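[1] show me the folded form of this:
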Amino acid sequence: MTIQLKDIRYSYPDTPVKQVLHIKSWAVAAGEQVFVHGPSGGGKSTLLNLLSGMLQADSGEVSVMGKRLDKISRRQRDRFRADHIGYIFQQFNLIPYLDAIDNIKLAHQFAKGKTSLSLEDDIKSLLSNFFIDPADWQQPVAKLSIGQQQRIAIARAMINEPELLIADEPTSSLDQDNRDNFMLELMAMVSEHNTTLLFVSHDMSLAKYFNRIDALADINIIGAEN
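    Down below sits the predicted model:
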């Protein structure tokens with residue numbers, strides 16, 4: 001299994017008596033492409049942050065590619081994420097004064113175990129696949145449109161060919177044409193590399209691209225406990 005959760009509980013530090021997530025058991029097999037849906041504020045991003053090691057569960061087992069993230073330090077989780085997980089952030093997290101190529105190179109540098117003899121060619125290929133005009137490749141990303149920035153963030157997440165790709169509302173800033181092009185390219189890329197994809201959104205129109213669709217309300221039993 002790429003993802004395996006057992007009796008996970010999490011509360012925000014400022015409201016420790018109010019649980020956000022309680023997941024008895026949930027698993028995702030290697031190569032699966034899973035769409036998790038739920039309303040804004042329902043805990044989707046919190047789930048992703050637990051799986052990527054950016055947050056640590058209060059209790060329970062978080063296993064990603066056989067690695068117990070609940071048993072290792074924050075620094076070890078950061079290294080594991082850089083080497084094995086691609087993350088498409090809802091707010092992009094790009095360095096605004098760097099251009100597209102350098103933003104993607106930075107992600108490659110964090111994954112020290114990865115090497116590429118043609119890194120710049122790989123980056124340019126990804127940018128082309130996500131419809132970024134070559135004239136914009138060396139512009140500071142702050143000067144580009146929101147849609148362009150989001151597609152650069154997606155390319156950055158894919159540069160190390162991660163075993164697990166996590167996507168947090170990645171189409172929220174794209175118009176319909178760009179959204180459809182993005183989804184088709186994304187699904188083709190993860191299929192080509194047999195990447196496990198965990199994609200969360202409240203936009204149910206995207207569910208048609210996935211074979212497995214899970215409602216967060218069915219995974220997280222907090223609602224049933226209240």
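[2] is it true that Gly38 touches Ile213?
    No: at 11.4 Å, Gly38 does not count as touching Ile213 under the criterion of CB atoms under 8 Å. For glycine as for every other residue, the C-beta is placed from the backbone atoms N, C-alpha and C.
[3] the more surrounded of the two?
    Gly38 (19 against 14; other CB atoms under 10 Å).
[4] just give the nearest non-adjacent residue to that one, would you?
    Leu216 (3.4 Å; CB to CB, 6 or more residues apart in numbering).
[5] next one: Asp99
    Leaving aside its sequence neighbours, Asp99 sits nearest to Gln138 (CB to CB, 6+ apart; 4.5 Å).
[6] let's verify the one you found: helix, strand, or coil?
    coil (DSSP: H, G, I helix; E, B strand; the rest coil).
[7] phi and psi next, for it.
    phi -110, psi 20 (degrees, to the nearest 10).
[8] now do the contacts for Ser52.
    81, 85, 87, 166 (CB atoms under 8 Å, 6 or more residues apart in numbering).
[9] separation between it and Ser45?
    10 Å (CB to CB, to the nearest Å).
[10] can you check Arg212 too?
    20 Å.
[11] more crowded one of the two?
    Ser45 (17 against 13).
[12] which non-adjacent residue is nearest that one?
    Asp168 (5.6 Å).
[13] now do Glu61
    Counting by CB to CB, 6+ apart, the residue nearest Glu61 is Lys6, at 4.2 Å.
[14] please apply the same query to Pro170.
    Pro170 sits nearest to Ile88 (CB to CB, 6+ apart), 4.4 Å away.
[15] need the contact list for Tyr87.
    By CB under 8 Å, 6+ apart, the residues touching Tyr87 are 48, 52, 81, 157, 165-166, 168.
[16] turn these into TSV, including secondary structure, distance to Arg74 and pLDDT.
    Compiled in TSV, the contacts of Tyr87 are given as follows (DSSP: H, G, I helix; E, B strand; the rest coil; distance: CB to CB, whole Å; pLDDT from 0 to 100):
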residue	secondary structure	distance to Arg74	pLDDT
Leu48	helix	17	94
Ser52	helix	12	94
Arg81	helix	10	92
Ala157	helix	21	89
Leu165	strand	22	96
Ile166	strand	18	95
Asp168	strand	20	90
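[17] now those residues in JSON lines, please, with extra columns for distance to Lys71.
    Shown next, in JSON lines, are these (distance: CB to CB, whole Å):
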{"residue": "Leu48", "distance to Lys71": "20"}
{"residue": "Ser52", "distance to Lys71": "16"}
{"residue": "Arg81", "distance to Lys71": "15"}
{"residue": "Ala157", "distance to Lys71": "26"}
{"residue": "Leu165", "distance to Lys71": "24"}
{"residue": "Ile166", "distance to Lys71": "20"}
{"residue": "Asp168", "distance to Lys71": "25"}
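[18] the lengthiest helix in the chain - contacts with which helices or strands?
    Counting residues, the longest helix found in the chain (DSSP state H) is helix 176-193. When contacts are defined as 3 or more CB pairs under 8 Å, 6 or more residues apart in numbering; DSSP states H and E, helix 176-193 sits against strand 33-37, helix 146-158, strand 196-201.
[19] strands of the chain, residue ranges please.
    3-11, 19-28, 33-37, 59-64, 67-68, 85-88, 164-168, 196-201, 212-215 (DSSP state E).
[20] the shortest one: partners in the sheet, and parallel or antiparallel?
    Right, the one you point to is strand 67-68. strand 59-64 (antiparallel) (DSSP bridges).
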